[in-house]
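**Student:** Predicted model and sequence below, questions to follow.
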Amino acid sequence: MKKLAVIAALAAGAAVAVPAQAARPADPGSQRSAQGKAHEQGSAHRASSRADGSKGKGRCAPRSVGYVASGDFVSSTLVQTQGSDTADVSGDDRWSGALVVAVKRTNHHARADKGTTKTYTLKDAKVRLADRDDDGTRDVPVAGDRVRVQGKITRLNRGCEAAAFSPQLTIRSVGFHEPKSAETPAPNPAPAP
Ligand SMILES: [Ca+2]
Ligand SMILES: [Ca+2]
């Protein structure tokens, strides 16, 4: 009877042990897959933190740089928005509206507009008009006058995600001058053959 009981116990033990052994090979596999998942999550996390870094603050935040362009005045819809009540003071004068310029020269940050006819939108910008006839009062500009615009434009550093970025241009001041050809004599024409 005792023997049988032992055998039964062994059998029972074996019976218990078999599923345990059968289950064991699955464990390292599931551990591996769990490790694999953890590893994948880790690299995904690193990748997302890289992506966040390229979009967020730090070196990929848009920064403001100087914008300077000059060329020929084409047309404008500028109206004076500030300072008209102090006719004897021009420093407080501000103008808003559209200003169309045939851009000929630019600084580095405005180079994309060189050679184009660009419409600038001004909001309370300083505008210095030229005294075309030297009578002491500044005059309305005419097409062909020289004009120079200055302001700020936002840009991204090289290597930053630029797909969703559009530069913001703010013109702060505009200066008009008479055409150069009216002030300086034209160069001598080439002698006829
Ligand atoms: Ca004024
Ligand atoms: Ca004048």
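**Tutor:** That came through, no problem. Ligands and ions are numbered 1, 2, ... in the order given.
**Student:** What's the separation between residue 127 and ligand 2?
**Tutor:** Using CB to the ion, to the nearest Å, we find residue 127 at a distance of 15 Å from ligand 2. C-beta here means a position set from N, CA and C on the backbone, and glycine is covered the same way.
**Student:** neighbouring contacts of the helix or strand where that residue lies?
**Tutor:** For residue 127, the host element (DSSP states H and E) is strand 117-128. Strand 117-128 is contacted by residues 69, 74, 78, 81-82, 90, 93-103, 138, 149, 151, 169-176 when judged by CB atoms under 8 Å, 6 or more residues apart in numbering.
**Student:** Kindly write the PyMOL command that selects the buried subset of the residues you listed.
**Tutor:** Selecting the buried subset of the contacts of strand 117-128 in PyMOL, with 16 or more other CB atoms under 10 Å as the burial test, is done by:
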select buried, resi 69+74+78+93+94+95+96+97+99+100+101+103+149+151+169+171+174+176
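**Student:** Now intersect the contacts of strand 117-128 with the strands, please.
**Tutor:** Counting by DSSP state E, the contacts of strand 117-128 place 69, 74, 81-82, 94-103, 149, 151, 169-176 in strands.
**Student:** mind giving me the domain split of the chain?
**Tutor:** For the chain, the domain assignment from automatic domain parsing gives the residue ranges 2-55, 62-182.
**Student:** With respect to these, which exhibits the lowest mean confidence?
**Tutor:** Of all the domains of the chain, domain 2-55 carries the lowest average pLDDT, namely a mean of 47.
**Student:** quick one: the helices in the chain?
**Tutor:** Listed in chain order, the helices found in the chain under DSSP state H are 2-23, 26-55, 180-183.
**Student:** tally of neighbours for residue 129?
**Tutor:** Residues contacting residue 129 under the criterion other CB atoms under 10 Å number 19.
**Student:** swap in residue 73?
**Tutor:** Residues within reach of residue 73, counting by other CB under 10 Å, total 21.
**Student:** I'd like the distance between it and residue 67.
**Tutor:** Counting by CB to CB, to the nearest Å, the gap between residue 73 and residue 67 amounts to 18 Å.
**Student:** and if you look at residue 93?
**Tutor:** Using CB to CB, residue 93 is found at 21 Å from residue 67.
**Student:** pLDDT wise, what is residue 186 at?
**Tutor:** Confidence per residue is given as pLDDT, and for residue 186 that number is 51.
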